[in-house]
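> let's see this in three dimensions:
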Amino acid sequence: MDQKLLTILACPVCKGPLKHDRTAAELICFGDALAFPVRDGIPVMLESEARALTAEEREKR
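Model prediction:
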């Protein structure tokens with residue numbers, strides 16, 4: 001995923017920062033505890049496509 005794109009993307013729910021998890025191919029918003037998928041290098045920034053973070057994932061921050 002392009003680093004420049006990551007600097008301008010924000011969570012569509014809270015407008016907060018996102019962290020890129022390359023291993024899981026997700027963009028993570030710790031504020032809302034959501035993980036947005038990245039499919040074929042394209043972030044899917046829809047709340048309906050996001051998954052909720054587990055309690056363990058939230059603690060990792």
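> okay, now the unreliable bits of this protein?
For the chain, applying pLDDT under 70 flags the ranges 1.
> can you list the residue ranges for helices in it?
Assigned by DSSP state H, the helices in the chain fall at 3-8, 55-60.
> in TSV: those helices, plus distance to Pro37 and mean neighbour count.
(Glycine included, C-beta is placed from N, CA and C.) Output for these, formatted as TSV (distance: least, C-beta to C-beta, whole Å; neighbours: other C-beta atoms under 10 Å):
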stretch	distance to Pro37	mean neighbour count
helix 3-8	15	10
helix 55-60	15	10
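> to Ile28, which of those lies closest?
Nearest to Ile28 among the helices of the chain is helix 55-60; the distance by C-beta to C-beta comes to 7.8 Å.
> just the CA atoms of the closest one, as PDB, please.
Taking Å, rounded to 0.1, in the frame of the first residue of the first chain, the C-alpha atoms of helix 55-60 are listed here in PDB:
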ATOM      1  CA  ALA A  55     -10.200  -7.200  23.200                       C
ATOM      2  CA  GLU A  56      -6.700  -8.500  22.700                       C
ATOM      3  CA  GLU A  57      -6.200  -6.500  19.500                       C
ATOM      4  CA  ARG A  58      -7.400  -3.300  21.200                       C
ATOM      5  CA  GLU A  59      -4.800  -3.800  24.000                       C
ATOM      6  CA  LYS A  60      -1.900  -4.200  21.500                       C
END
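> could you pull up the residues touching the residue most central in space within the chain?
Residue closest to the mean C-alpha point of the chain, counted by C-alpha atoms, centre = their mean, is Leu27 at 2.1 Å. Leu27 makes contact with Leu6, Leu9, Leu18, Lys19, His20, Asp21, Ala35, Phe36, Val38, Pro43, Met45 under the criterion C-beta atoms under 8 Å, 6 or more residues apart in numbering.
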